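In: Generate a structure from the sequence data that follows.
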Amino acid sequence: MKPIGKVLCATGAVARLITFFWKDDFNPESLSGARVLVTGASAGIGEQIAYHYARFGAEIVLTDIREAVLQKVVEKCLTLGAKKIFYIAADMSSPSEPEKVVQFAVQKLGGLDYLVLNHAGTNRFQEWAGDVEYTRWLMQVNFFSYVALATAALPTLEKNRGALVVVSSLTGKIPTPFTTSYSATKFALDGFFSSLRHELIMQKKDVSVTLCILGLIDTESALECTRGKVQLRASPAPEAALAIVRGGATRAHEIFYPRWLQQLRCLWALFPSSGNSVLRSFYNYSSP
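Out: Next comes the predicted model:
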């Protein structure tokens, strides 16, 4: 067996052990009447997250930049069983918007049990071309707005023993090609919210922080920017969304979807050279 094959087998065994001893305490009834704010909810993973919470009977506030599309998601959530649902259009590239969104949600629902941070700016998926302004904009959307939303929501989450659910990416655990700016924002999320989790525990504040590490998901935007560039099968958005909802409800520290990402993460951590070789093999690239 080749060295990389042996490494994959070893990391696979570790991942299977983790899965064996991991207990899923998810109780769908716990989400009935739960007060939830979901960002980036007009399409893709955020839209599917909204539908799952609706099926479980939650009270929901949705936000995104596209108001007309949000209205359609709200209508479907009502047919699926949401007990209450509201929406607010907001542009997360504006520093003043996050606090306004949280205030709206608290006013409409009387508090929050879950803050699900899911929105993201466009990932260009291309070689670094020196566009610093784009990186600044993306950092505002993908990182600073997350920090502002969480900061505004922490008082009500602490009061209600609530949960912060942060949707991130494998690109925030492992540097990947063609995602320089995007990866930087996701690494920032990992650092901030993992550190915040420590502080909340040390302060004996009962607010959980769940980081959701996703691979390639079959959303329209993800498929459009990676088509022909990546040799990976995209995972279904509804399943990814359910994994996120379950992770928040069980107050897990981290969830990986699909689960094999844990194996790749272990491989990269233990054997960086081999892990990077495996990672690069997923990409189609021709030197200019």
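
In: what about the strands in this structure?
Out: Taking DSSP state E as the criterion, the chain carries its strands at 35-39, 59-64, 84-89, 114-117, 163-169, 208-214, 254-257.

In: Include mean neighbour count when you put those strands into TSV, please.
Out: Every C-beta, even on glycine, is put in place using the N, C-alpha and C of the backbone. Below are these laid out as TSV (neighbours: other Cβ atoms under 10 Å):
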stretch	mean neighbour count
strand 35-39	27
strand 59-64	28
strand 84-89	19
strand 114-117	28
strand 163-169	26
strand 208-214	24
strand 254-257	21
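
In: Need those strands in JSON lines (columns: distance to residue 230 and mean pLDDT).
Out: Supplementary listing: the strands of the chain in JSON lines, determined by distance: least, Cβ to Cβ, whole Å; pLDDT from 0 to 100:
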{"stretch": "strand 35-39", "distance to residue 230": "26", "mean pLDDT": "98"}
{"stretch": "strand 59-64", "distance to residue 230": "26", "mean pLDDT": "98"}
{"stretch": "strand 84-89", "distance to residue 230": "32", "mean pLDDT": "98"}
{"stretch": "strand 114-117", "distance to residue 230": "25", "mean pLDDT": "98"}
{"stretch": "strand 163-169", "distance to residue 230": "13", "mean pLDDT": "97"}
{"stretch": "strand 208-214", "distance to residue 230": "14", "mean pLDDT": "98"}
{"stretch": "strand 254-257", "distance to residue 230": "17", "mean pLDDT": "96"}
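
In: Could I get these in JSON lines, plus columns for distance to residue 25?
Out: Rendered in JSON lines, the data for these read as follows (distance: least, Cβ to Cβ, whole Å):
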{"stretch": "strand 35-39", "distance to residue 25": "19"}
{"stretch": "strand 59-64", "distance to residue 25": "22"}
{"stretch": "strand 84-89", "distance to residue 25": "26"}
{"stretch": "strand 114-117", "distance to residue 25": "16"}
{"stretch": "strand 163-169", "distance to residue 25": "13"}
{"stretch": "strand 208-214", "distance to residue 25": "12"}
{"stretch": "strand 254-257", "distance to residue 25": "13"}
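
In: Specify the stretch among those strands that is closest to residue 225.
Out: Between residue 225 and the strands of the chain, the shortest gap by Cβ to Cβ is with strand 163-169, which sits at 13.1 Å.

In: can I get the CA coordinates of that closest one in PDB?
Out: Extracted in PDB, the C-alpha atoms of strand 163-169 (Å, rounded to 0.1, in the frame of the first residue of the first chain):
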ATOM      1  CA  ALA A 163     -26.800  28.900  21.100                       C
ATOM      2  CA  LEU A 164     -24.500  30.500  18.600                       C
ATOM      3  CA  VAL A 165     -24.400  28.500  15.400                       C
ATOM      4  CA  VAL A 166     -21.600  29.600  13.000                       C
ATOM      5  CA  VAL A 167     -21.600  28.200   9.500                       C
ATOM      6  CA  SER A 168     -18.000  28.000   8.200                       C
ATOM      7  CA  SER A 169     -16.100  25.900   5.800                       C
END
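
In: what's the spacing between that strand and its chain's center?
Out: Distance, stretch centre to chain centre, for strand 163-169: 5 Å (Cα atoms, centre = their mean, to the nearest Å).

In: Strand 208-214 and that strand, what's the angle between them?
Out: Orientation check (axes from the mean of the first three to the mean of the last three Cα atoms, to 10 degrees): strand 163-169 against strand 208-214 gives 20 degrees.

In: Report all helices and strands that strand 163-169 contacts.
Out: With contacts defined as 3 or more Cβ pairs under 8 Å, 6 or more residues apart in numbering; DSSP states H and E, the secondary structure elements packing on strand 163-169 are strand 114-117, helix 145-159, helix 180-202, strand 208-214, helix 237-249.

In: need the contact list for residue 256.
Out: By Cβ atoms under 8 Å, 6 or more residues apart in numbering, the residues touching residue 256 are 213, 262, 265.
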